[in-house]
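Q: For reference, the sequence and a predicted model appear below.
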Amino acid sequence: MNPDLRKRILDQLTQDELDTYKAGMKRAKREGWADMVRGPQDIFALAEGCYFDHRYADHAQRFFEKGLVHATGRWAGKPFILQDWQRDDVLRPLFGWRRPDGSRRHRSGFIRIAKKNGKSTFAGGLINYVLAGEPDPDNHNRTEQAQEVYAIATSAEVASIVYREASKLCKKSPLLKRLKLETRDQTRRILYPKTQSFFRVLPHKADSAEGMIAGGLIVDEEHAMKSRALYDAVRWSGSSRRQMLAVEITTSGIDDKTLLWCQRDAYSKRVRDGEHRDTSHLVAIYEADVDAKLDDVEQLRKANPSLGVTINEDDLVREARQVMGEGPEAISAFKRYRMNIAVGAEKTWLSREQWDKAQTPFDESKLIGRQCYGGLDLAKVSDFTALLLLWPPDRDPATNDYMKDMWYAKLWLWLPKAAIQERVLLGDMSYQSWADAGLIEVTDGNTTDYKVVRKRINEICSIHKVIRLGIDRNFDGWQFCQDLFNDDELPAVGIGQGWRSQDIPMQRVQSLYTDALLNCGGHPIMRWMIGNAVAKREGTNECLSLDRKNSKEKIDGVAALINATYLAEAIPEEEGPPEEYSTCPLV
C-alpha cells in the first residue's frame, strides 16, 4: 500500500481505533496473516477489531479445489483449481476475514472483470459454497439452516447462466453428490434437503422478492440492468441474516451514471481507495487504463487476469490488432468487453484513440488576430454549456477549399455548482476534479447562470477575431442569440440541430479526424465527449446528425464543434452558403 495512503487512513482513526489497529497488526504478524492487510478497508477493519482466520479461508479453498469438478470444456472431469485472482483477490479474503463476533466480515462484493475470464463458473461455485458449504459461525459442524440463495440479472435467461454453471458442478462433483444436492432444471432451482436450503433464479420483477429472507445473492452481468429495483429488494431482504452475502459480477457497460452498475462501480472505487469507509464491501476490479493501446499485453493482462489460462494471449493480441482497422464501433466493443473499459455509448461516432493522434498543446496567443468561428451549445441544469472557437487553415485560391493543414479548436465549459455536487453524491469525482483543474467554470445555484456565460463570451470575443458565432436556435438559444446580436453586437446566428444543418459539418469533422488534422489541445473533457457521441443517419441519402438520445453521456462540446464547423463550411466568405448547400437534393 502506498505509504501516503496508509498515513491518510491512519490519520482518520480515533485514538481507541488506532490502539485496536496496532494490536491487530501485532496479532497479524504473530499469526502470519499480515499480508492480508492490503488496502484502506483492511486498516479500518483492524481498527474495528476484525481479524483474518486461515481456517475459514482454507475451508473455502478446499471446497473448490478438493470438492468441485469441472463439467465442460478442456477441464471437464478435472478438479476446480482456482486461478490466482479467484483465490487471492476474492475467495480467501471474502471468507477468511472475520468480525469480532466470529461472523464473516464481508457482506458484499463487487467483481468487475473482462469477458471470458471464468467469472460465471466461479459464481456457480460460490452459489454451491454459500448454499451447502460455508460453516455456520455459531456451529462450525454444520452449514446455515434454511439458507436462501438467489441469482438475478437483467432477465431470467441471463441469470440462468450462473444456475447452469452451479447445476453442472452439482451433477459432476462427487462432494455435492454426497451432500445430495438436487437440481431442478425446469424451475432453475437447486435444493439442499438436509438443511431445507435452496437456490433459485428470480424473474426480473421487484415484486418477486416479497417475503424472501435472502442469505446469498449473485448479481450477474450487472452492466445490463436498467433498474435497481429488484437488486435493492433482494439485497435488503437479507437484513435479518447474520451474514448475508451479495456478490455483484459484471463486465464494464455504458458510462451512464443513472445505471445500477455505474453507481455500484463508483461506490466500489470510493471504498477501494479509502474515500468511503465500508469494511463489509470487497472490491476486485480488473481494467486496462482508459488511454491504453489496444494491443498492449500488459494492459490486456490488467483486465484479463486469466490470460494464459482461459484466454490465449496471441489470440487476444490478434483480435486487438484486427479491430484497429475496423473502425470506432469495433474498437469501442473491444475496449468494453476485452479491456473492461466503460464506453460512452454502444456505437460511438469517433474513437478517442484516433482523436488523440492530433491532440497536442498549442499556443493560443499565436491565433489572436486570425479569423475563427464560434459554436455555442447552451444548457440549463445538468448538461454543460459549451463554447468552442475553431480556427481553420487558409483557403487554396485555386479551389476555394481549405488547405490540408491543421485546424485548431479551443473549448470553454460552464456548469452549475449543483450539477457537480450531484455527481459527487453518485460517487463520480470527475466533474469536481475538472473544476479544480480550471477546466470548468462553475456558476452558483441549480442552473447555469447565463449572465456569467454571456459576460465571459464577450471577453473571449474581444480577444479573438470571431467571424460568426453559431448557437442552437431552439428554446433558450434563440433569445440568447438575439441578446448577443442586438445588445452585445456580436456576430451571433441561430443554427438548426437536425441533419440539414449537421450533415456537411459532421462530414468535415470526420474527415479532419481521420487525417489527424483537428487539434483541440488535448482537452480531456473534449476527449471524453468525443467518445460519448453517437451519430445517426437519416433520409434516403443517409445524412449525418448527432444522436443525443443514444449518446448516454455528455456531448455538448461536440455539438459546439459541429456548430462552429457549420459556419466555417456554410459561410466561407460571408457571402452565404457554398454551392453544395444550394444544390443538395435534400435541401
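A: Cool, got the structure.

Q: Okay, now the unreliable bits of the stretch 201-350 of the chain?
A: 204-211, 344-348 (pLDDT under 70).

Q: what about the residue lying farthest from the centre of the chain, which SS state?
A: In the chain, the residue that sits farthest from the middle, by Cα atoms, centre = their mean, is Ala398; the gap is 48.9 Å. When classified by DSSP: H, G, I helix; E, B strand; the rest coil, Ala398 comes out as coil.

Q: got the contact list for it?
A: By Cβ atoms under 8 Å, 6 or more residues apart in numbering, Ala398 lies in contact with nothing. C-beta: built from backbone N, CA, C; applies to glycine.

Q: isn't there a helix covering Asp89?
A: Yes - checked against three-state DSSP, Asp89 lies within a helix.

Q: Name the nearest residue to it, ignoring sequence neighbours.
A: Counting by Cβ to Cβ, 6 or more residues apart in numbering, Asp89 lies nearest to Ala284, which is 4.7 Å off, once chain neighbours are set aside.

Q: Kindly provide the distance from the residue nearest the centre of the chain to Leu350.
A: Closest to where the C-alpha atoms of the chain average out (Cα atoms, centre = their mean) is Ala342, at 3.9 Å. Distance, Ala342 to Leu350, using Cβ to Cβ, to the nearest Å: 17 Å.

Q: Then Met406?
A: Met406 is 17 Å from Leu350, by Cβ to Cβ.

Q: now Val90
A: For Val90, the distance to Leu350 - Cβ to Cβ - is 37 Å.

Q: neighbour-wise, which of the two wins?
A: Between Val90 and Leu350, counting by other Cβ atoms under 10 Å, Val90 is the more crowded of the two (24 against 20).

Q: Next one, pLDDT for that one please.
A: For Val90, the model assigns a pLDDT of 97.

Q: Dihedrals phi and psi, the residue nearest to the centre of the chain?
A: phi -60, psi 140 (degrees, to the nearest 10).

Q: distance of it from Asp428?
A: 11 Å.

Q: Quick one: the helices in the stretch 151-300 of the chain, in order.
A: When assigned using DSSP state H, counting those that start in this stretch, the helices of the stretch 151-300 of the chain occupy the ranges 156-172, 174-178, 229-237, 260-272, 297-303.

Q: Pull out the buried positions in the strand or helix carrying Leu567.
A: Using DSSP states H and E, Leu567 falls within helix 556-570. Neighbour-count burial for helix 556-570 flags 556-570 (criterion: 16 or more other Cβ atoms under 10 Å).

Q: By pLDDT, rank those and give me the bottom one.
A: Ala570 (70).

Q: so how far is Ser511 from that one?
A: Taking Cβ to Cβ, one finds Ala570 at 16 Å from Ser511.

Q: How about Glu134?
A: From Glu134 to Ser511 the distance is 60 Å (Cβ to Cβ).

Q: do the same with Ala535
A: 14 Å.

Q: Neighbour count for these two, which is higher?
A: Ala535 (20 against 12).

Q: which strand of the chain spans the most residues?
A: Counting by DSSP state E, the longest strand found in the chain is strand 407-416.

Q: ranges for the helices of the stretch 351-500 of the chain?
A: 352-356, 417-425, 430-436, 450-463, 476-482, 499-514.

Q: Does anything pack onto the longest one? Which helices or strands?
A: When contacts are defined as 3 or more Cβ pairs under 8 Å, 6 or more residues apart in numbering; DSSP states H and E, helix 499-514 sits against helix 352-356, strand 543-546, helix 556-570.

Q: May I see those organised as TSV, with distance to Arg107 added?
A: Output for these, formatted as TSV (distance: least, Cβ to Cβ, whole Å):
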stretch	distance to Arg107
helix 352-356	37
strand 543-546	44
helix 556-570	40
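
Q: Nearest to Pro505, out of those?
A: Evaluated over those, closeness to Pro505 peaks at helix 556-570, with 3.7 Å, by Cβ to Cβ.

Q: Can you show me the CA trace of that closest one as PDB?
A: The C-alpha coordinates for helix 556-570 follow below in PDB (Å, rounded to 0.1, in the frame of the first residue of the first chain):
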ATOM      1  CA  ASP A 556     -22.100  19.400 -25.500                       C
ATOM      2  CA  GLY A 557     -18.500  20.200 -26.600                       C
ATOM      3  CA  VAL A 558     -19.000  18.000 -29.700                       C
ATOM      4  CA  ALA A 559     -22.300  19.900 -30.500                       C
ATOM      5  CA  ALA A 560     -20.400  23.200 -30.200                       C
ATOM      6  CA  LEU A 561     -17.800  21.900 -32.600                       C
ATOM      7  CA  ILE A 562     -20.400  21.000 -35.100                       C
ATOM      8  CA  ASN A 563     -22.000  24.500 -34.900                       C
ATOM      9  CA  ALA A 564     -18.600  26.100 -35.400                       C
ATOM     10  CA  THR A 565     -17.800  23.900 -38.300                       C
ATOM     11  CA  TYR A 566     -21.200  24.600 -39.900                       C
ATOM     12  CA  LEU A 567     -20.200  28.300 -40.000                       C
ATOM     13  CA  ALA A 568     -16.700  27.600 -41.300                       C
ATOM     14  CA  GLU A 569     -18.300  25.500 -44.100                       C
ATOM     15  CA  ALA A 570     -21.500  27.400 -44.900                       C
END
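
Q: so what does that helix touch, helix or strand wise?
A: Using 3+ Cβ pairs under 8 Å, 6+ apart: helix 556-570 touches strand 371-377, strand 385-391, strand 407-416, strand 465-472, strand 492-495, helix 499-514, helix 524-532, strand 543-546.

Q: Run the angle between it and strand 465-472 for me.
A: In terms of direction (axes from the mean of the first three to the mean of the last three Cα atoms, to 10 degrees), helix 556-570 departs from strand 465-472 by 120 degrees.

Q: Now do helix 556-570 against strand 407-416, angle only.
A: Using the same axes, to 10 degrees: helix 556-570 against strand 407-416 is 140 degrees.

Q: picking up where we left off before, out of the helices and strands packed on helix 556-570, which is closest to Asp295?
A: Across those (criterion: Cβ to Cβ), the nearest stretch is helix 524-532, sitting at 18.9 Å.

Q: Buried residues, the closest one. List them.
A: For helix 524-532, a neighbour-count test (16+ other Cβ under 10 Å) marks Ile525, Met526, Arg527, Trp528, Met529, Ile530, Gly531, Asn532 as buried.

Q: One more: stretch 193-205?
A: Thr195, Ser197, Phe198, Phe199, Arg200, Val201, Leu202, His204.

Q: least trustworthy helix or strand in this structure by mean pLDDT?
A: Within the chain, no helix or strand scores below helix 579-583, which has a mean of 42 by mean pLDDT, DSSP states H and E.

Q: Can you lay out the buried residues of stretch 193-205 as a markdown table showing distance to Arg189?
A: Shown next, in a markdown table, are the buried residues of stretch 193-205 (distance: Cβ to Cβ, whole Å):
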| residue | distance to Arg189 |
| --- | --- |
| Thr195 | 15 |
| Ser197 | 11 |
| Phe198 | 6 |
| Phe199 | 7 |
| Arg200 | 5 |
| Val201 | 8 |
| Leu202 | 11 |
| His204 | 17 |
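
Q: Cool, thanks, signing off.
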